[in-house]
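I would like the atomic coordinates for the input below:
(2 chains)
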Amino acid sequence: DTAVSQTPKYLVTQMGNDKSIKCEQNLGHDTMYWYKQDSKKFLKIMFSYNNKELIINETVPNRFSPKSPDKAHLNLHINSLELGDSAVYFCASSRQGLGNTIYFGEGSWLTVV
Amino acid sequence: GESVGLHLPTLSVQEGDNSIINCAYSNSASDYFIWYKQESGKGPQFIIDIRSNMDKRQGQRVTVLLNKTVKHLSLQIAATQPGDSAVYFCAENPTGNTPLVFGKGTRLSVIA
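Numbers count the residues shown, from 1 in each chain, chains lettered A, B, ... in the order given. Take a look at the predicted model:
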């Protein structure tokens, strides 16, 4: 009965590779997010989708491309991975509209070597 | 820019004592605040929230206090337990249709 689930939980990959992280929510929410958490635990929003439409696109390298096939799914694809991409990536969702309570997944630990 | 900050980056408390985690926010227009708990290896979890028309809200062993005059938010945990050890984040909603802004987090360590 996981509310927001993301896979994989751990990912170790080499520089230059392309990888994807998948996310699904079963809360019936309309808005989904990707956050990046650095080593100092700071949470930074990357993207937000509402009903499959991109509504937030923060200053993120265009190597990062989110895709929302439907409102319950928001995947994150990263091209040409760099060392600095190493972080924890959290998927999240909320009721329609920004500013509502956000519910997070368990995180995906990405290590680029 | 607007930001949410924390006074104490780390806090150590004895098991059974009460804990107080503080948060200063800078946007006086913020009308909704949330506290999250992030345990090691997990995602942030919702603990309690409060709207700007309230000063205090209580949950199970937790109380959130909001002082709009000085733009200060606090989370009080009663009878702190080892399971309370985590990083705690405050978050605010600056305006109606913007994403939540998260503070930098406070690590709470409970000493048995």
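
the helix or strand residue A:6 falls within pairs with which strands, and in what direction?
Per DSSP states H and E, residue A:6 falls inside strand A:4-7. Neighbouring strands of strand A:4-7 in its sheet, by DSSP bridges, are strand A:19-25 (antiparallel).

who's in contact with the partner strand?
Here strand A:19-25 makes contact (CB atoms under 8 Å, 6 or more residues apart in numbering or on different chains) with A:3-8, A:11, A:13, A:32, A:34, A:72-78, A:81, A:89, A:91, A:93, A:103, A:105, A:108, A:110. (C-beta placed from N, C-alpha, C; glycine too.)

make a ChimeraX selection of the buried ones in those residues.
To isolate the buried ones among the contacts of strand A:19-25 in ChimeraX, judged by 16 or more other CB atoms under 10 Å in any protein chain shown, type:
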select /A:4,6,7,11,13,32,34,72,73,74,75,76,78,81,89,91,93,103,105,108,110
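
which parts of chain B are strands?
B:4-5, B:10-14, B:19-25, B:32-38, B:45-51, B:56-58, B:62-67, B:72-77, B:86-93, B:101-102, B:106-111 (DSSP state E).

now render the ones you listed as a markdown table, adding distance to residue A:61 and mean pLDDT.
Shown next, in a markdown table, are those (distance: least, CB to CB, whole Å; pLDDT from 0 to 100):
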| stretch | distance to residue A:61 | mean pLDDT |
| --- | --- | --- |
| strand B:4-5 | 25 | 54 |
| strand B:10-14 | 32 | 95 |
| strand B:19-25 | 30 | 94 |
| strand B:32-38 | 25 | 96 |
| strand B:45-51 | 29 | 95 |
| strand B:56-58 | 40 | 97 |
| strand B:62-67 | 37 | 98 |
| strand B:72-77 | 33 | 97 |
| strand B:86-93 | 25 | 94 |
| strand B:101-102 | 21 | 90 |
| strand B:106-111 | 30 | 95 |
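
now those strands in TSV, with mean neighbour count and distance to chain A?
Formatted as TSV, the strands of chain B follow (neighbours: other CB atoms under 10 Å in any protein chain shown; distance: least, CB to the nearest CB, whole Å):
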stretch	mean neighbour count	distance to chain A
strand B:4-5	18	11
strand B:10-14	13	11
strand B:19-25	21	14
strand B:32-38	22	6
strand B:45-51	16	6
strand B:56-58	13	14
strand B:62-67	18	13
strand B:72-77	20	15
strand B:86-93	24	4
strand B:101-102	22	4
strand B:106-111	18	8
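
can you give the contact residues for the one helix or strand in chain A whose mean pLDDT sits lowest?
Between all helices and strands in chain A, the lowest mean by mean pLDDT, DSSP states H and E belongs to strand A:53-57, at a mean of 87. Residues from elsewhere that reach strand A:53-57, judged by CB under 8 Å, 6+ apart: A:31, A:33, A:45, A:47-49, A:66, A:68, A:98, B:99.

name the member of those with the most neighbours.
residue A:33 (28 neighbours; other CB atoms under 10 Å in any protein chain shown).

so who does that residue touch?
Here residue A:33 is in contact with A:45-49, A:56, A:74, A:91-94, A:102, B:99 (CB under 8 Å, 6+ apart).

nearest to residue B:27, of those?
residue B:99 (13.1 Å; CB to CB).

the closest one against residue A:98, yeah?
Yes. With contacts counted by CB atoms under 8 Å, residue B:99 reaches residue A:98, the gap being 4.7 Å.

got phi/psi on residue A:81?
Backbone geometry at residue A:81, expressed as degrees, to the nearest 10, gives phi -60, psi 140.

brilliant, that's me finished.
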